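A.B. asks: What follows is a predicted structure for the sequence shown.
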Amino acid sequence: MDEILGQVLRNAVWERLDVLTELADRADAPSLLSVARSELPRLTEGWRALLTAHEPDERGHCPECSTRWRQRKAPCSVWRSAYEHLVAGGLAPRPARHLRPAHMVRTAVPVP
């Protein structure tokens, strides 16, 4: 049952991200402004909650990524991903195409 629920949750999140991407790519300016006003606060709060859970403990380990037998030093992959997507943006190195999930691979656009 947990597998089914997990798949339903993952599908819903991927679908929501697809809708937001579609809106960002195709919406007119007034619609885009409306979406930005409603969605940006939700997205920033989501990032804050996720990053709070991954704040390093007093020993410098990520409590969410660490296990009893293997401690993960901060910054963990969640913090590195946050930096890449929120701060570095297009300047951050991207994983090779064959290492990215299919939904992240974009076709090359020729430069005129």
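C.D. replies: Nice, I can see it.
A.B. asks: Which secondary structure element is home to Glu3?
C.D. replies: helix 2-26 (DSSP states H and E).
A.B. asks: That helix: what's the following helix or strand?
C.D. replies: helix 29-53.
A.B. asks: how far is that next one from where the chain is centred?
C.D. replies: 12 Å (CA atoms, centre = their mean, to the nearest Å).
A.B. asks: Give me the helices and strands touching whatever helix or strand comes next after that helix, please.
C.D. replies: Later in the chain than helix 29-53, the nearest helix or strand by DSSP H and E is helix 77-82. Packed against helix 77-82 by the contact rule (3 or more CB pairs under 8 Å, 6 or more residues apart in numbering; DSSP states H and E) you find helix 29-53. Any C-beta I mention is one placed from the backbone N, CA and C, and that applies to glycine too.
A.B. asks: Can you give me the buried ones in the helix it packs on?
C.D. replies: Residues of helix 29-53 classed as buried by neighbour count (16 or more other CB atoms under 10 Å): none.
A.B. asks: where does this structure have low pLDDT?
C.D. replies: 1, 90-112 (pLDDT under 70).
A.B. asks: by how many degrees do the helix holding Glu3 and helix 29-53 diverge?
C.D. replies: 140 degrees (axes from the mean of the first three to the mean of the last three CA atoms, to 10 degrees).
A.B. asks: Give me the distance from helix 2-26 to the chain's centre.
C.D. replies: Worked out by CA atoms, centre = their mean, helix 2-26 lies 12 Å from the chain centre.
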